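S.K.: just coords:
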């Protein structure tokens, strides 16, 4: 048995291929199926099996496309309510993959329909457990994403209780040397304290993972529910999309790329002013010149997450970048969360009809009271490290809906923790206020306060 782990660093997502004597099973594949086809070719293997541990909230899976292309069978829990052709895969069910066995274990907690997959090798030894979003390295899955999404919904408290027993009655009973392969690592919003390690063992997690320590159900539930990260706007949308199965990745991408782009500053007048512009250029370029009402969401490792946190799942947007190579990459990254079909037009831009003034941070240092300071960090960051004594806290993921709360009698300064989010936040406020107040981005200078 050969196990190959694939990593999408931007979404902190792990997917897997298991190969045995020319047969290949895939677990939780990401949106672009090509890496799995390439690996199958390298191994001279046929993809026969695709397993989804649950309908993912943070990325779009290619399970349906791979099945349609290769004829592989998709296996999911019957509780998922999948709207595509599939085989149910729950407690007691097993797949024999030319010498190895893959057993399903129902492990509700992150979602009601979560399963883990136990791999048993040719010597009948329990070798690895693929835990999806149930057990991470150093943490377990958050229980608050399925209160309003999916075929089965459940309260966060009920799911937290289910997680307590899934971990103790299902996963902790496995031998200590069983390898643990999760669906996510550090940086994922599917948990709150994930390790940077990409794998572990049951024994190591029993020792080091807080969620596997001896504690009462009540204490576990309280700890699990406390201080979970925010839920991006796109999460419920992706649950529904994965339940149906996404469209062909390459075809969907090509439809965006083939639309006729704008190529001159005069042509910009043809854009619909009611459609949001996502300008991904570096903030220095954006501030010097950009299209009116654009949001500066820079090309960074968390582009997908913030795109899906700022833009609604049913909202059209224009996507702009500094060159064609970056533009193509960002179209593909938008597709990872199922947002490519919302791109009204994608084009490169090096012009604009408005600017944002650069800010001298010494003005703020000398007289904080002269400004309205907007802190757009997450609540946990604000609690852990207050920066200014008198601020209005509106997290970035809520900012577009709450700009009406911002006082306009002083110039406005926007800050985050390092400068990336404040570029987006200041541009959001500037576009919403439409010139009624001067808006500044404190940017990286926040680190000096």
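M.R.: That came through fine. All of these numbers come straight from a predicted model, not from anything done at the bench. Residues are numbered from 1 along each chain as shown.
S.K.: would you list every one of the strands in the stretch 101-250 of the chain?
M.R.: Taking DSSP state E, counting those that start in this stretch to define them, one finds strands in the stretch 101-250 of the chain at 115-120, 126-132, 179-182, 200-201.
S.K.: distance between stretch 278-296 and the chain's centre?
M.R.: 24 Å (CA atoms, centre = their mean, to the nearest Å).
S.K.: Distance across it, terminal residue to terminal residue?
M.R.: Criterion CA to CA, to the nearest Å; first-to-last residue distance in stretch 278-296 is 6 Å.
S.K.: With mean neighbour count and distance to residue 304 added, can I get the strands of the stretch 101-250 of the chain in a markdown table?
M.R.: For the C-beta atoms, the positions are set from N, CA and C on the backbone; glycine is no exception. Shown next, in a markdown table, are these (neighbours: other CB atoms under 10 Å; distance: least, CB to CB, whole Å):
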| stretch | mean neighbour count | distance to residue 304 |
| --- | --- | --- |
| strand 115-120 | 23 | 25 |
| strand 126-132 | 24 | 20 |
| strand 179-182 | 24 | 19 |
| strand 200-201 | 20 | 26 |
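S.K.: can you redo the ones you listed as a markdown table with mean pLDDT?
M.R.: Below are these laid out as a markdown table (pLDDT from 0 to 100):
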| stretch | mean pLDDT |
| --- | --- |
| strand 115-120 | 98 |
| strand 126-132 | 98 |
| strand 179-182 | 98 |
| strand 200-201 | 98 |
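S.K.: wait, which of those is closest to residue 370?
M.R.: For these, the distance to residue 370 is smallest for strand 179-182, at 48.7 Å, taking CB to CB.
S.K.: What residues sit buried inside stretch 144-158?
M.R.: 144, 145, 146, 147, 149, 150, 151, 154, 156, 158 (16 or more other CB atoms under 10 Å).
S.K.: ok so, going back, mind checking the strands of the stretch 101-250 of the chain for the one nearest to residue 247?
M.R.: Checking the strands of the stretch 101-250 of the chain against residue 247 by CB to CB gives strand 126-132 as the closest, at 23.5 Å.
S.K.: Tell me what angle that closest one forms with strand 115-120.
M.R.: Put simply, strand 126-132 runs at 160 degrees to strand 115-120, going by axes from the mean of the first three to the mean of the last three CA atoms, to 10 degrees.
S.K.: switch to numbering from 237
M.R.: Taking 237 as the first residue, the last one we looked at is strand 362-368.
S.K.: Run me through the strand neighbours of strand 362-368, direction for each.
M.R.: strand 351-356 (antiparallel), strand 415-418 (parallel) (DSSP bridges).
S.K.: Tell me which of those strands sits nearest to residue 484.
M.R.: Comparing these under CB to CB, the one sitting nearest is strand 351-356, at 26.0 Å.
S.K.: Any chance you could list what contacts that closest one?
M.R.: 237, 239, 254, 263, 287, 289-290, 312-313, 325-326, 336-343, 362-368, 370-371, 406-407, 410, 414 (CB atoms under 8 Å, 6 or more residues apart in numbering).
S.K.: Next, format the strands paired with strand 362-368 as TSV and append distance to residue 425.
M.R.: Output for these, formatted as TSV (distance: least, CB to CB, whole Å):
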stretch	distance to residue 425
strand 351-356	20
strand 415-418	14
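S.K.: These: which one's closest to residue 317?
M.R.: strand 351-356 (13.9 Å).
S.K.: Residue 348 is in contact with residue 388, isn't it?
M.R.: Yes - using CB atoms under 8 Å, residue 348 is in contact with residue 388, at 4.3 Å.
S.K.: Just the helices from the stretch 337-486 of the chain, written as ranges.
M.R.: Assigned by DSSP state H, counting those that start in this stretch, the helices in the stretch 337-486 of the chain fall at 392-401, 438-444, 453-461, 470-480, 485-493.
S.K.: Please name the residues that touch residue 586.
M.R.: Taking CB under 8 Å, 6+ apart, one finds 521, 525, 558 in contact with residue 586.
S.K.: what's the distance between the spatially most central residue of the chain and residue 420?
M.R.: The C-alpha lying nearest the average C-alpha coordinate of the chain belongs to residue 294 (CA atoms, centre = their mean; 3.8 Å). Distance, residue 294 to residue 420, by CB to CB, to the nearest Å: 8 Å.
S.K.: list residues touching both of these two?
M.R.: By CB under 8 Å, 6+ apart, the residues touching both residue 294 and residue 420 are 249, 426.
S.K.: Please work out how many residues are found near the closest residue in space to residue 460 that isn't next to it in sequence.
M.R.: Leaving aside its sequence neighbours, residue 460 sits nearest to residue 396 (CB to CB, 6 or more residues apart in numbering; 4.8 Å). Other residues within reach of residue 396, judged by other CB atoms under 10 Å, total 23.
S.K.: Fine by me, thanks again.
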